[in-house]
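J.: Sequence first, then the predicted structure, then my questions.
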Amino acid sequence: LYVGDQLLQSGTFAVEPYAAGEPTFGPIVFAPDVTQDDQPIDPADISDPVLPAGSKSAYAFFSGINMASGTEWTSQWFYNDEPATDPKPHTWDLGETEQNWISFFNTDDSPLESGIYELRLSVGEKLVNLSTFIVPEK
């Protein structure tokens, strides 16, 4: 989506066959911080995923769907359509529908740059969920 020549939001999707009962993830909710008991602080509206300018981190919250304990999955973050991290392997150690979170931040503790960030979640070789959020210019 553009306003004038300014890109405000983008997204991609893929249509793949999905069999009932396969492991996947629920909607991804982004927040700039997390409480000590693993709850999002000031989560972005899922229909307008914008984190405040100057945010130093992004937390992604999502539930497992048919995710048995021990299921191997992978996360990868992108910034402005370029890989921002290498794919990171994980093992689901929660219940089949429990909520998990992962985070993205700069190693030097600087604020996230303005732009479009995307998180891709895969189970095995299959991309099963992705979502984007925006950090606006100050």
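T.: Good, I have the coordinates.

J.: Now do the contacts for Phe25.
T.: 62-65, 67, 121, 128-129 (Cβ atoms under 8 Å, 6 or more residues apart in numbering). Yep, even glycine has a C-beta here, placed from its N, CA and C like the rest.

J.: Just put those residues in JSON lines and tack on neighbour count, secondary structure and pLDDT.
T.: JSON lines is the format used below for the contacts of Phe25 (neighbours: other Cβ atoms under 10 Å; DSSP: H, G, I helix; E, B strand; the rest coil; pLDDT from 0 to 100):
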{"residue": "Phe62", "neighbour count": "22", "secondary structure": "strand", "pLDDT": "94"}
{"residue": "Ser63", "neighbour count": "18", "secondary structure": "strand", "pLDDT": "92"}
{"residue": "Gly64", "neighbour count": "22", "secondary structure": "strand", "pLDDT": "91"}
{"residue": "Ile65", "neighbour count": "15", "secondary structure": "strand", "pLDDT": "90"}
{"residue": "Met67", "neighbour count": "25", "secondary structure": "coil", "pLDDT": "90"}
{"residue": "Leu121", "neighbour count": "21", "secondary structure": "strand", "pLDDT": "96"}
{"residue": "Val128", "neighbour count": "19", "secondary structure": "strand", "pLDDT": "93"}
{"residue": "Asn129", "neighbour count": "18", "secondary structure": "strand", "pLDDT": "93"}
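
J.: and which of those residues is nearest Lys56?
T.: Phe62 (21.0 Å; Cβ to Cβ).

J.: thinking the closest one is in contact with Asn100, fair?
T.: Yes. Counting by Cβ atoms under 8 Å, Phe62 touches Asn100, with 6.2 Å between them.

J.: closest to Leu7 among the contacts of Phe25?
T.: For those, the nearest to Leu7 is Asn129 (22.5 Å; Cβ to Cβ).

J.: For the closest one, give its distance to Asp5.
T.: From Asn129 over to Asp5 the distance is 30 Å, taken as Cβ to Cβ, to the nearest Å.
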